[in-house]
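Colleague: Sequence plus the predicted model coming up.
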Amino acid sequence: MTDTVVVIYSGGMDSYTLLHLARARGFKVHALSFNYGQRHVRELECAASVADSLGIPHKVIDIRAMNEVMSGSALTSGIEVPEGHYEEDSMKATVVPNRNMILLSLATGYAVTVGAGAVWYGAHGGDHAIYPDCRPEFVEKMDAVCRVANYEPVAIEAPFMALDKGEILAEGLKLGLDYRQTWTCYNGRARACGRCGSCVERLEAFAAQGVTDPLDYEERA
């Protein structure tokens, strides 16, 4: 195992925290982002800005051509983004088919290229209920496959698997992170909407930690 990791970095608060955690643990980090046609493409602007400020390598892979085989999600299609607290039906509307398997496969290839021993991604405990590709059994299977898919074994790791979003935020606050440098809202407008499930979950995480989210919102649920 090398001291280099590839962090799948969306530009959201979870992957932002993960990126800094990897650096805090002494790893050499390569940040990897994906443009898959998400309506909240603004998150990629945040990712680029943070990577530049930290002076770490950052690659953005454009996979929008894969939309035809990753359609049917409110994040990539003309389906309205559900509002309110995450419930089963609303969360299912935001599932991008097979997204994490595709992204982790590409990230594994990149890890081999840059000599990284692991790929980290921000799956967490709050995602388990609906997102199959954020569950422990998925991570375990992907880890097993990616260790044997190339001559060089690459581990798949989800360090936040046992944490919820509030606990992830707590880790970031301990590191002194500035969450103005992140984007969470599923709508691609100038300000975060404050109403979509992603915004509501983020605001609840900040409330659970007794701090105010520094982002500007259209309204705060």
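Modeller: Yep, it's here.

Colleague: Quick one: name whatever helix or strand follows the lengthiest helix in the chain.
Modeller: Scanning the chain for the helix with the most residues, using DSSP state H, yields helix 99-114. Of the helices and strands lying after helix 99-114 in sequence (DSSP states H and E), the nearest is strand 118-120.

Colleague: partners of that following strand, with directions?
Modeller: strand 4-8 (parallel), strand 155-157 (parallel) (DSSP bridges).

Colleague: returning to that earlier point: helices or strands next to the longest helix of the chain in the packing?
Modeller: On a contact count with 3 or more Cβ pairs under 8 Å, 6 or more residues apart in numbering; DSSP states H and E, helix 99-114 meets strand 4-8, strand 28-35, strand 118-120, helix 136-148. C-beta here means a position set from N, CA and C on the backbone, and glycine is covered the same way.

Colleague: about what we covered before: could I get the strands paired with strand 118-120 as CSV with mean pLDDT, distance to T108 and mean neighbour count?
Modeller: Compiled in CSV, these are given as follows (pLDDT from 0 to 100; distance: least, Cβ to Cβ, whole Å; neighbours: other Cβ atoms under 10 Å):
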stretch, mean pLDDT, distance to T108, mean neighbour count
strand 4-8, 98, 8, 25
strand 155-157, 98, 7, 21
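
Colleague: Which among those is found nearest to G197?
Modeller: For G197, the closest of these is strand 4-8, at 20.8 Å, according to Cβ to Cβ.

Colleague: Out of the helices and strands in the protein, which is least certain?
Modeller: helix 88-92 (a mean of 51; mean pLDDT, DSSP states H and E).

Colleague: For M161, list the residues it contacts.
Modeller: A123, H124, G125, P136, V139 (Cβ atoms under 8 Å, 6 or more residues apart in numbering).

Colleague: May I ask which helix or strand encompasses it?
Modeller: Using DSSP H and E, M161 sits in no helix or strand.

Colleague: Where does the residue in the chain sticking out farthest from the centre sit: helix, strand or coil?
Modeller: Largest separation from the mean C-alpha position in the chain: Y151, at 27.4 Å (Cα atoms, centre = their mean). Here Y151 is recorded as coil under DSSP: H, G, I helix; E, B strand; the rest coil.
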